[in-house]
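Enquirer: Pasting a predicted model and its sequence here:
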Amino acid sequence: MISKIEDVTAEFNAASGYIQDLSGWDYAVVQIISPSSAVSFKTTNDSGYVTGTLPPSPVVPANWLAVQGVDLATGTAATSTSTSTNYKFGVIGKFLQLTGTSVTATKVIISLNKINP
């Protein structure tokens with residue numbers, strides 16, 4: 001198994017959210033510590049590329065839809081959280097968005113995992 005851990009706290013707090021590209025990963029575990037308000041989970045496959053534009057064109061994901069993550073403490077699926085917890089996201093869209101209104105957190109850590117390299 002291959003794993004990559006990213007501390008995205010600074011980026012999350014600066015933008016009240018964070019977008020993670022999940023390409024090539026089997027699942028992600030997001031640890032959110034002490035969020036100041038609700039953090040919503042969303043996904044999209046729409047990278048925002050303009051048809052007919054040659055790469056590299058800017059990636060601006062669009063058309064976000066709610067997605068469920070599984071709380072690793074309770075096994076309950078949810079589309080948002082307001083408490084410190086770990087959520088696992090299996091195969092979802094190309095991008096995972098963590099977002100809220102004027103939300104900050106003490107820590108936001110994402111563990112990206114690939115089962116079979």
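Expert: Sure thing, it's come through. Residues are numbered from 1 along each chain as shown.
Enquirer: Isn't residue 108 up against residue 31?
Expert: Yes: the pair residue 108 and residue 31 passes the contact test of CB atoms under 8 Å, sitting 7.3 Å apart. For every residue, glycine as well, the C-beta is placed using N, CA and C.
Enquirer: who's more crowded, these two?
Expert: residue 108 (24 against 17; other CB atoms under 10 Å).
Enquirer: Now that one: closest residue in space that isn't a chain neighbour?
Expert: Of all residues not flanking residue 108 in the chain, residue 12 sits nearest, at 4.3 Å (CB to CB, 6 or more residues apart in numbering).
Enquirer: Wait, a strand at that neighbour?
Expert: No: looking at residue 12 with DSSP: H, G, I helix; E, B strand; the rest coil, it is helix, so not inside a strand.
Enquirer: Please report how far it lies from residue 30.
Expert: Per CB to CB, to the nearest Å, residue 12 is found 10 Å from residue 30.
Enquirer: overlap in contacts of these two?
Expert: 98, 108 (CB atoms under 8 Å, 6 or more residues apart in numbering).
Enquirer: On the three-state scheme, residue 60 is what?
Expert: Per three-state DSSP, residue 60 ends up coil.
Enquirer: any idea of the pLDDT on it?
Expert: With respect to pLDDT, residue 60 scores 81.
Enquirer: list the contacts for it?
Expert: Contacts of residue 60 by CB under 8 Å, 6+ apart are 47-48.
Enquirer: make it 7 Å
Expert: residue 48 (CB atoms under 7 Å, 6 or more residues apart in numbering).
Enquirer: what separates it from residue 19, distance-wise?
Expert: 10 Å.
Enquirer: Check the contact lists of those two and give me the overlap.
Expert: When CB under 7 Å, 6+ apart defines a contact, no residue borders residue 60 and residue 19 alike.
Enquirer: And the strand or helix carrying residue 19, what's buried?
Expert: In the assignment (DSSP states H and E), residue 19 maps to strand 17-21. The neighbour-count check on strand 17-21 (16 or more other CB atoms under 10 Å) flags 17-20 as buried.
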